[in-house]
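1. Pasting the sequence and the predicted model now:
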Amino acid sequence: MKPIFLSLLASGFIFSIKSLVGFLTGSLSILSEAVHSFVDLLSAFGSLYSISVNNQKLSIKIEIAIITLGSLWILKEVLASESHIVNTIPGIIVTIVSAVIYFLVFKINHKNHSHSLAVRANLYHIASDIGSSILVLIGLVAQLITGLAVIDKIVAILIVIWLFYLVLRLLKELFKA
Ligand SMILES: [Zn+2]
């Protein structure tokens, strides 16, 4: 299977389970991860279909718009919502499942690794996805132990900061293209 196609399937599945659990439990860290997975899904689509430079530019612009809108929405929720204890168990399960999927995709894509720059960039990205899953997991477990709902907000803000960093890198790519 083509590495990009595998990433597409994985991020599509992860986006679905994260949005479901995010909306059911109200966990902001899971919801911001859902925004992130949606962008991953879009960029995998973009890599599949961006044959010409113009298409590539368009898909980068769409990604920037989605990340910005998604992050602003998460920030609004962080500021507006009362700190309430969310049920952390579904979030912990969904985060472990996604981390395992990311790890498997990383393993498979690493094995079939071609020297294409796009594939290598994708591998780095998957590695960072594993990192953010671990961060969310630590946050949810800490929340489970301490009962402090504010931890969920802090993790959500950290993910939003990471998303803005992604925007900066995308902007750089856009100007280079
Ligand atoms: Zn990602």
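-> That came through fine. Numbering: from 1, shown residues only.
2. Can you tell me the centre-most residue of this structure?
-> When CA atoms, centre = their mean is applied to the chain, the residue found nearest the centroid is H36 (2.8 Å).
3. surely that one meets L135?
-> No - between H36 and L135 there is no contact under CB atoms under 8 Å: 11.4 Å. C-beta here means a position set from N, CA and C on the backbone, and glycine is covered the same way.
4. Helices along this protein, start to end?
-> Remark: helices assigned in the chain by DSSP state H are 3-25, 28-49, 53-80, 88-111, 117-146, 150-176.
5. Give me the pLDDT for the nearest residue to F164 once chain neighbours are set aside.
-> With sequence-adjacent residues excluded and distances taken as CB to CB, 6 or more residues apart in numbering, F164 is closest to S71, at 6.4 Å. Listed pLDDT for S71 reads 90.
6. Report the contact partners of S71.
-> S71 sits next to 32, 35, 160, 163-164 when contact means CB atoms under 8 Å, 6 or more residues apart in numbering.
7. Who wins on neighbours among these?
-> S32 (30 neighbours; other CB atoms under 10 Å).
8. So which residues on this structure come close to the ion?
-> By the rule CB under 5 Å from the ion, the part of the chain lying against the ion is 40, 129.
9. go with 6 Å
-> Neighbours of the ion within the chain, by CB under 6 Å from the ion: 36, 40, 125, 129.
10. Of these, select the buried ones using a PyMOL command.
-> The buried subset of these, as determined by 16 or more other CB atoms under 10 Å, is captured in PyMOL by this line:
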select buried, resi 36+40+125+129
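11. now the closest residue to E173 other than its chain neighbours: how far from the ion?
-> In space, and not counting its chain neighbours, E173 is closest to I60: 6.0 Å by CB to CB, 6+ apart. In this view, I60 and the ion are 15 Å apart by CB to the ion, to the nearest Å.
12. and I60, how many neighbours does it have?
-> 19.
13. and what of S98?
-> S98 has 26 neighbours, counted by other CB under 10 Å.
14. just checking, it touches S133?
-> Yes - counting by CB under 8 Å, S98 touches S133, with 5.4 Å between them.
15. Mutual contacts of the two, please.
-> Joint contacts of S98 and S133 (CB under 8 Å, 6+ apart) are E33.
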